[in-house]
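Novice: Below are the sequence and a predicted model; questions follow.
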Amino acid sequence: MTAPTSPCVALHASPPAGPLDDPVRAALLGTHAHLAEQRGRVLRYPLDVSPFVSLPPDPGPADWADAAALAGADGTVVMTGPAPAPPADVAESMLIPGVQLTGEHVAGAHDDAVVRLGPADVPEMLDLVARTQPGPFLLRTVELGVYLGIRRGGALVAMAGERFRPPGWTEISAVCTDPAHQGQGLARRLVLAIVAGVKERGEQPFLHAADTNTGAIRLYERLGFRLRRPVEFRVVKLPPAA
């Protein structure tokens, strides 16, 4: 089954109570509406952009069937915000506790050593992600927003970028540094450079982290980010759609 991708279709879905309560849904109904795929009340990004799916907070059997139809042959989807528990006959792959932080009072800073990354840099970005595991990053993830990097000797050694963009907000994501270059403050410089661009658009930055990633959380708090709420990331393997 082919999922509709028209933004005008996605706009018929009900928005979340607040833009950061379900940032996937809010982004797909707003800035990322041109990327939205929808069946019924379920929204998702294209398979090669992001694995994230948004179900309504009260999903029924039809919603889970629609999610399976959008999940592709692999059947794996990722949820956050309201991440409802799947039906009993669905094998849940992983549940990751996390935190959501906001940076209304973080002062951004542009950096002359930071370079803009684009489609031509994707092979290097994928290689860096594979070695550092900051979270999902796929062939077209770079289309979600601005991605910045730092190079050493021509090689990409650190990067950060923008993922979900609910109204008034931009999520900072894919923050990672090659292990050989850690401890040099590269992640800090990249995060502040992303913040500067976000605030110049009149938006505010936010981010997510696994609650076990205490080093990253300490860095973000030193920069001025503050805890908004705990969240969960739920990875679910759905059976093939009928």
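Specialist: Arrived safely. Everything quoted here is computed from the prediction, not taken from an experiment. Numbering: from 1, shown residues only.

Novice: Just the buried residues of stretch 166-174, please?
Specialist: Pro166, Trp169, Thr170, Glu171, Ile172, Ser173, Ala174 (16 or more other C-beta atoms under 10 Å). Where you see a C-beta, it was placed from the backbone N, CA and C, and this is true even at glycine.

Novice: how many neighbours does Leu128 have?
Specialist: 22 (other C-beta atoms under 10 Å).

Novice: re the thing from before, kindly reformat the buried residues of stretch 166-174 as a markdown table and extend each row with distance to Arg39.
Specialist: Output for these, formatted as a markdown table (distance: C-beta to C-beta, whole Å):
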| residue | distance to Arg39 |
| --- | --- |
| Pro166 | 21 |
| Trp169 | 26 |
| Thr170 | 27 |
| Glu171 | 24 |
| Ile172 | 30 |
| Ser173 | 25 |
| Ala174 | 28 |
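
Novice: Throw those residues into JSON lines and include pLDDT, distance to Thr132 and secondary structure, thanks.
Specialist: As requested, these are exported to JSON lines (pLDDT from 0 to 100; distance: C-beta to C-beta, whole Å; DSSP: H, G, I helix; E, B strand; the rest coil):
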{"residue": "Pro166", "pLDDT": "97", "distance to Thr132": "26", "secondary structure": "coil"}
{"residue": "Trp169", "pLDDT": "98", "distance to Thr132": "25", "secondary structure": "strand"}
{"residue": "Thr170", "pLDDT": "98", "distance to Thr132": "22", "secondary structure": "strand"}
{"residue": "Glu171", "pLDDT": "98", "distance to Thr132": "18", "secondary structure": "strand"}
{"residue": "Ile172", "pLDDT": "98", "distance to Thr132": "15", "secondary structure": "strand"}
{"residue": "Ser173", "pLDDT": "97", "distance to Thr132": "13", "secondary structure": "strand"}
{"residue": "Ala174", "pLDDT": "97", "distance to Thr132": "9", "secondary structure": "strand"}
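
Novice: got a list of contacts for the strand or helix carrying Ala65?
Specialist: If you go by DSSP states H and E, Ala65 is part of helix 61-70. By C-beta atoms under 8 Å, 6 or more residues apart in numbering, the list of residues contacting helix 61-70 from outside reads 1, 3, 37-42, 44, 53, 55-56, 59, 75, 77, 86-87, 90, 238-242.

Novice: gap between it and the chain center?
Specialist: 21 Å (C-alpha atoms, centre = their mean, to the nearest Å).

Novice: would you put the C-alpha positions of it in CSV?
Specialist: The C-alpha atoms that make up helix 61-70 are tabulated as CSV, following Å, rounded to 0.1, in the frame of the first residue of the first chain:
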residue,chain,number,x,y,z
PRO,A,61,-6.4,-1.5,16.5
ALA,A,62,-7.0,0.5,13.3
ASP,A,63,-4.3,3.0,14.3
TRP,A,64,-1.8,0.2,14.9
ALA,A,65,-2.7,-1.3,11.5
ASP,A,66,-2.1,2.0,9.9
ALA,A,67,1.2,2.3,11.6
ALA,A,68,2.2,-1.1,10.3
ALA,A,69,1.2,-0.1,6.8
LEU,A,70,3.5,3.0,7.0
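
Novice: which of the residues in it are buried?
Specialist: Asp63, Trp64, Ala65, Asp66, Ala67, Ala68, Ala69, Leu70.

Novice: quick one, longest helix in the chain?
Specialist: Counting residues, the longest helix found in the chain (DSSP state H) is helix 186-200.

Novice: That one: which residues count as buried?
Specialist: 186-199.

Novice: Against which helices or strands is it packed?
Specialist: strand 147-152, strand 155-162, strand 169-177, strand 204-210, helix 214-223 (3 or more C-beta pairs under 8 Å, 6 or more residues apart in numbering; DSSP states H and E).
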